[in-house]
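Chemist: Okay, here's the prediction I keep looking at, along with the sequence it came from:
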Amino acid sequence: MLDVTDVAIHFGGVRALDGVTFGVEPGQILGLIGPNGAGKTTLFNCITRIYRPTAGTLRFDGEDLLTIAPHRLAKKGITRTFQNLALFSTLSVFENTMAGGVSQKNRGLRSRAWEILERLDLVDVALEPAAGLPFGTLKRVELARALMARPRLLLLDEPAGGLTHSEVDDLGRLLVSLRDDYGFAALLVEHHMGLVLGISDHVVALDFGQKIYEGTPAGVREDDAVVAAYLGRPKTGAREAR
Ligand SMILES: Nc1ncnc2c1ncn2[C@@H]1O[C@H](COP(=O)(O)OP(=O)(O)OP(=O)(O)O)[C@@H](O)[C@H]1O
């Protein structure tokens with residue numbers, strides 16, 4: 001469904017992405033891992049048309065993504081959540097959720113929003129302004145807004161960042177059940193190895209803009225390149241964030 005082929009982007013002398021190739025299949029959760037600065041967010045920014053790759057192609061259902069205007073991506077079925085949240089602080093949780101439906105036909109939007117809020121356990125705070133709600137709650141509001149666009153490909157940028165242990169466990173179960181019910185594919189950028197290896201069907205690891213691993217979640221911890229670049233050896237794994 002998503003084909004990333006030989007994608008490269010340079011910022012001055014920094015090769016943020018350097019010939020990256022992989023694909024995402026319908027309904028698949030693909031974990032994208034790697035150390036800080038590896039190029040993960042840059043790849044999201046290429047897919048969502050914030051950055052234009054210096055080289056390579058990005059195809060969604062065979063269509064050249066680079067010919068689709070950024071504001072039409074949601075209508076095509078690609079939505080994202082942001083690492084540091086991108087909500088309207090003075091709008092209510094319900095209104096923020098509705099904002100995710102702007103690419104959709106008006107009919108049935110409100111009932112869909114309530115259905116999603118119910119699903120994400122947000123009904124009790126639906127009429128409260130986003131500002132002031134706990135971080136873990138706001139992360140779910142981001143997810144609710146992204147789901148309003150009926151995504152076929154959901155880009156999740158560090159959804160577990162800043163969450164407590166039990167919230168991360170809940171998030172993992174929630175993401176899998178949402179994927180099972182709504183049928184989207186997800187590209188999951190995440191440093192929390194328990195989450196990413198626990199729920200991904202397939203994993204790609206980047207380091208210095210290059211793909212250093214592609215394969216099963218189980219193979220990640222056995223892979224010398226990933227261990228050297230990111231995970232470290234047991235007990236000396238200083239670069240594994242969590
Ligand atoms: N707009 C930009 N201008 C210059 N350099 C940039 C820009 N965006 C990203 N970079 C550089 O590209 C490299 C990749 O950064 P990126 O944010 O994609 O890494 P990341 O894997 O998402 O890291 P993290 O896990 O910390 O979020 C870094 O060296 C970063 O400084």
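Modeler: That came in fine, so what should we check first?

Chemist: which bits of the protein sit near the ligand?
Modeler: 11, 14, 16, 34, 36-42 (C-beta under 6 Å from any ligand atom). For the C-beta atoms, the positions are set from N, CA and C on the backbone; glycine is no exception.

Chemist: could you redo the last one with a cut-off of 5 Å?
Modeler: Counting by C-beta under 5 Å from any ligand atom, the positions of the chain adjacent to the ligand are 11, 14, 16, 36-42.

Chemist: Now D207: closest residue in space that isn't a chain neighbour?
Modeler: A229 (4.1 Å; C-beta to C-beta, 6 or more residues apart in numbering).

Chemist: Same question for A131.
Modeler: Per C-beta to C-beta, 6+ apart, closest to A131 is S89, 4.0 Å.

Chemist: What ranges does the protein have for its helices?
Modeler: 40-47, 73-76, 93-99, 109-119, 135-148, 165-182, 193-199, 217-220, 224-226 (DSSP state H).

Chemist: which ones are touching Q210?
Modeler: With contact set as C-beta atoms under 8 Å, 6 or more residues apart in numbering, Q210 has these partners: 18-20.

Chemist: With the ligand as the reference, measure out to it.
Modeler: Shown here: Q210 relative to the ligand, a distance of 12 Å by C-beta to the nearest ligand atom, to the nearest Å.

Chemist: What of L174?
Modeler: L174 is 22 Å from the ligand, by C-beta to the nearest ligand atom.

Chemist: got a pLDDT number for R233?
Modeler: The model reports R233 with a pLDDT of 63.

Chemist: just the residues of the chain next to the ligand now: which is nearest D170?
Modeler: Using C-beta to C-beta, K40 comes nearest to D170 of the residues of the chain next to the ligand, at 23.4 Å.

Chemist: any idea of the pLDDT on the closest residue to that closest one other than its chain neighbours?
Modeler: Closest residue to K40 apart from its sequence neighbours, by C-beta to C-beta, 6+ apart: V189 at 4.5 Å. pLDDT recorded at V189 is 95.

Chemist: count of residues packed around V189?
Modeler: By other C-beta atoms under 10 Å, 25 other residues sit near V189.

Chemist: what's the neighbour count on Y182?
Modeler: Y182: 15 neighbours (other C-beta under 10 Å).

Chemist: you'd agree it is up against M148?
Modeler: No: counting by C-beta atoms under 8 Å, M148 is not a contact partner of Y182; they are 11.2 Å apart.

Chemist: Pairing partners for the residue positioned nearest the centre of the chain in the sheet, please.
Modeler: Centroid-nearest residue in the chain: L156, 1.5 Å away (criterion: C-alpha atoms, centre = their mean). Beta-bridge pairing for L156 (DSSP bridges): T81, L188.

Chemist: residues contacting it?
Modeler: 80-81, 143, 175, 186-190.

Chemist: From L120, how far off is it?
Modeler: 14 Å (C-beta to C-beta, to the nearest Å).

Chemist: Common neighbours of the two, please.
Modeler: With C-beta under 8 Å, 6+ apart as the test, L156 and L120 both reach L143.

Chemist: What's the local residue count around L154?
Modeler: Using other C-beta under 10 Å, L154 has 25 neighbouring residues.

Chemist: correct me, but it touches V189?
Modeler: No: using C-beta under 8 Å, L154 is not in contact with V189, being 11.6 Å away.

Chemist: shaky segments in the protein?
Modeler: For the chain, residues meeting the criterion pLDDT under 70 lie at 233-242.

Chemist: Domains in it, by residue range?
Modeler: Per automatic domain parsing, the domain ranges recorded for the chain read 1-77+151-242, 89-149.
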